[in-house]
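**Q** got a predicted model here, sequence first, then my questions.
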Amino acid sequence: MIIDLNNLKIEYIQKKPYCIFKINNFYTDEGFDSLLNNFPKIEYISNNQVTEYNNKYYFNSESNFYKKLIDENKVLNELHENVFDKNLMKKIFNNLFSNFIYARKWDIRILLRLFKLPYFNTNRLNKKDFFNILFNKVRPIIEFSYINNNGCVVPHTDNRNKLVSMLTYFPDQSVKKLSNKELGTKFWLSDVSNYENIHYKNEKEVKFINESKLIYNTPFDEKNLYGFIKNSYSWHSVSRLNIPENTSRKSINISFLIDN
């Protein structure tokens, strides 16, 4: 088993102004080691199979390349089956439900959807209109992420349809020597509302960092999961990296989205 489905206890880091939480030992010891050893090597992934932005490269479970990858790799297929397990989705969704409501209290469209019966749409089925009236379709996405030297993630708050983002890190030997503060995800306290998820770049990024307060910086550690719930103030970023060439900051990011 890659994920310990019996160990999904949520530990809150903060609930307001937006929710940040942690699940300790999200991966089993054996599961984490298997994922680390089977993490797709970026040099074998061609440019047309990944998206690049600010020297971050990524692909996700909605791509044809991902589907080919899990067909060929037993460990990655097991991860997929664990994440897309409706029992896992239901546990996490139910435990965070009140936080979803608080985060979307001003978004009537999303709020009304949240009060419908949840349907965990693990097969991306297209249901008919009457189904959409009764149910709130929630689907998972798995993203494999690589940030190389001089790469970063600029401050932003995440897309409107993303309910929750969950981050898990894979420090190999070349990265373990580096500072957690340099590699972790930074969460910010700011009065700036950004429900539209505008990415703050260049001068706007510098101004934002100078005027905001760092409230949490995740350790770049093994096995644990760090998550947050999207709202207008869920600002987060990864600082521009200064790491050796041919080294990547590797993570697997799991999100729950509300389908349109």
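**A** Perfect, I can see it now. Residues are numbered from 1 along each chain as shown.

**Q** how about the strands in the stretch 101-250 of the chain?
**A** Residue ranges of the strands in the stretch 101-250 of the chain, as given by DSSP state E, counting those that start in this stretch, are 117-120, 135-148, 153-156, 162-169, 186-189, 213-217, 225-229, 236-238, 248-258.

**Q** quick one, which of those is packed in tightest?
**A** Comparing the strands of the stretch 101-250 of the chain by mean neighbour count (mean count of other Cβ atoms under 10 Å), strand 225-229 ranks first with a mean of 24. Every C-beta, even on glycine, is put in place using the N, C-alpha and C of the backbone.

**Q** one step back: out of the strands of the stretch 101-250 of the chain, which comes closest to Asp71?
**A** Proximity of the strands of the stretch 101-250 of the chain to Asp71 was assessed by Cβ to Cβ; the nearest stretch is strand 135-148, lying at 14.6 Å.

**Q** that closest one pairs with which strands?
**A** Using DSSP bridges, the neighbouring strands of strand 135-148 in the sheet come out as strand 56-60 (antiparallel), strand 117-120 (parallel), strand 248-258 (antiparallel).

**Q** can you show me the CA trace of the last one as PDB?
**A** When you say that, I think you mean strand 248-258. Only the C-alpha atoms of strand 248-258 are listed here, as PDB (Å, rounded to 0.1, in the frame of the first residue of the first chain):
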ATOM      1  CA  SER A 248      15.000  19.100  -9.100                       C
ATOM      2  CA  ARG A 249      12.700  20.000  -6.300                       C
ATOM      3  CA  LYS A 250      10.300  17.000  -6.800                       C
ATOM      4  CA  SER A 251       6.700  16.800  -5.500                       C
ATOM      5  CA  ILE A 252       3.500  15.000  -6.100                       C
ATOM      6  CA  ASN A 253       0.500  17.400  -5.600                       C
ATOM      7  CA  ILE A 254      -3.000  16.100  -5.200                       C
ATOM      8  CA  SER A 255      -6.000  18.400  -5.700                       C
ATOM      9  CA  PHE A 256      -9.800  18.000  -5.400                       C
ATOM     10  CA  LEU A 257     -11.700  20.000  -8.000                       C
ATOM     11  CA  ILE A 258     -15.400  20.800  -8.400                       C
END
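
**Q** just want the angle from that strand to strand 162-169.
**A** Taking axes from the mean of the first three to the mean of the last three Cα atoms, to 10 degrees, strand 248-258 and strand 162-169 form an angle of 160 degrees between their directions.

**Q** the inter-axis angle of strand 248-258 versus strand 225-229?
**A** Here the directions of strand 248-258 and strand 225-229 differ by 40 degrees (the same axes, to 10 degrees).

**Q** redo the strands paired with strand 135-148 as CSV? Include distance to Leu36 and mean pLDDT.
**A** As requested, the strands paired with strand 135-148 are exported to CSV (distance: least, Cβ to Cβ, whole Å; pLDDT from 0 to 100):
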stretch, distance to Leu36, mean pLDDT
strand 56-60, 18, 92
strand 117-120, 28, 87
strand 248-258, 9, 95
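
**Q** can I get those strands in a markdown table including distance to Ile20?
**A** Output for these, formatted as a markdown table (distance: least, Cβ to Cβ, whole Å):
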| stretch | distance to Ile20 |
| --- | --- |
| strand 56-60 | 21 |
| strand 117-120 | 23 |
| strand 248-258 | 15 |
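
**Q** out of the ones you listed, which gets nearest to Lys41?
**A** Nearest to Lys41, of all these, is strand 248-258, at 9.4 Å by Cβ to Cβ.
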